[in-house]
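Peer 1: Here is the input, now give the coordinates:
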Amino acid sequence: MRNKQNYLLLIAITLSIFAVNLNAQTKSKYSYAAQKNLIPAELGKVYLGMPFNEFAKQFDMKNAEVGDTRFDWLEVKIPVAKGNVTNLTVKVHGLESDEKEAILTEETITKKDEFGEEYEETINRLNLDKLTSKGIVYAMYIDFKKEFDLKSYVIKTYGKKGEVRKADDEYHFFDIQWTNKTSDGLDWLIRSFHEGDSRSLQLLGRIDNTEWGL
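Peer 2: You can find the predicted model right below:
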């Protein structure tokens, strides 16, 4: 009897360990708590490595527009009018081609060209009811109002020791760039464009198998 009890106890412990390991593998290791100091407050409780279906719940997505779908990633432009932020574009990793097709729907809208002439264009929207936990956000491209002092904001937020590139530099991919690593283990590239007419910030997660992966 004692041997049987010991055997059953061993099985129970083994199953418990397996369940804990499985949960650790499926749950994202990244977190808002670790990253919040690097993300503009206007965006709310979002973070890099966040499952896209959870990310999408933080915004009004009805006018979100999906870009070119030929690439491995999914690019989604989200209109945001909150504080100094005007637009947010994110890239999503981890969706297979058929999974991307399942969450997209076409819509024909009317746009205006630079001369004010109207024209029709067919674009991709998201079918929000079909979003799943597959796919994580690994990059955010944030646009700000032109009058916003982005330079002061980024220096205060990311520090004075960023890598500076002048506009006439042949490798001018940014005005200032920083690297960082948050307590959840994520390596970052942070790029600001603020010296010209543009006011934009790039938050790039160096997540494996993405274009920014190490």
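Peer 1: drop to CA atoms for contacts and neighbour counts, all remaining ones
Peer 2: OK.
Peer 1: Doesn't Ile78 lie inside a strand?
Peer 2: Yes: Ile78: assigned to a strand according to DSSP: H, G, I helix; E, B strand; the rest coil.
Peer 1: ok, it - contacts?
Peer 2: In this structure, Ile78 makes contact with Phe59, Met61, Asn63, Ala64, Glu65, Asn87, Leu88, Thr89, Val90, judged by CA atoms under 8 Å, 6 or more residues apart in numbering.
Peer 1: which residues does the residue nearest to Ile207 when sequence neighbours are not counted contact?
Peer 2: Distance criterion CA to CA, 6 or more residues apart in numbering; nearest residue to Ile207, sequence neighbours excluded, is Gly213 at 4.7 Å. Listed by CA under 8 Å, 6+ apart, the contact partners of Gly213 are Gly205, Arg206, Ile207.
Peer 1: Show me which pair in the contacts of Ile78 is furthest apart.
Peer 2: Using CA to CA, the contacts of Ile78 reach their maximum pairwise distance at Asn63 and Val90, which is 14.2 Å.
Peer 1: These two: which is more packed in?
Peer 2: Neighbours per residue, other CA atoms under 10 Å: of Asn63 and Val90, the larger number sits with Val90, 23 against 12.
Peer 1: from what I can see Asn53 touches Leu131, true?
Peer 2: Yes: between Asn53 and Leu131 a contact is recorded at 5.5 Å, counting by CA atoms under 8 Å.
Peer 1: where's the residue nearest to the spatial centre of the chain, which helix or strand?
Peer 2: Closest residue to the average C-alpha location of the chain: Val137 at 3.4 Å, with CA atoms, centre = their mean. Using DSSP states H and E, Val137 falls within strand 136-144.
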